[in-house]
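Enquirer: I'll drop the sequence and a predicted model, then ask my questions.
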Amino acid sequence: MSIAGKIGCSAQTMHNWVTQAERDAGKQIVPTSEDRDWIKALERENRELRQANEILRKASAYFAQAELDCRSKT
């Protein structure tokens, strides 16, 4: 707390910085900042791929139905 006051931040902010530094140094068994960024990127990619798959599934169903409609008219 005394150091936080000397550098002009709150004790909680100082605690957060120390905790993050320990994580990044591997002293705590939790994801590092780099790991969290990588996980976020993977989650974003996963979400985008799921959306693309849904679009492709719907397009496939649409074109399959259109093909059936064409065959039934002939």
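Expert: Yep, it's here. Numbers count the residues shown, from 1 in each chain.
Enquirer: Report the central residue of the chain.
Expert: Centroid check for the chain by C-alpha atoms, centre = their mean gives Lys40 as the closest residue, at 2.6 Å.
Enquirer: Please report how far that residue lies from Arg71.
Expert: According to C-beta to C-beta, to the nearest Å, Lys40 and Arg71 sit 47 Å apart. Every C-beta, even on glycine, is put in place using the N, C-alpha and C of the backbone.
Enquirer: swap in Ile7?
Expert: Using C-beta to C-beta, we find Ile7 at a distance of 76 Å from Arg71.
Enquirer: And Met1, by the same measure?
Expert: The spacing between Met1 and Arg71, counted by C-beta to C-beta, is 78 Å.
Enquirer: what sits against Ala41?
Expert: The contact partners of Ala41, taken as C-beta atoms under 8 Å, 6 or more residues apart in numbering, number zero.
Enquirer: from here on, count from 49
Expert: All right, first residue 49 from here; so that's Ala89.
Enquirer: Figure out the helix or strand that it lives in.
Expert: In this structure, Ala89 is located in helix 81-121 according to DSSP states H and E.
Enquirer: Centre of the chain to that helix, how far?
Expert: Centroid separation for helix 81-121 versus its chain: 18 Å, with C-alpha atoms, centre = their mean, to the nearest Å.
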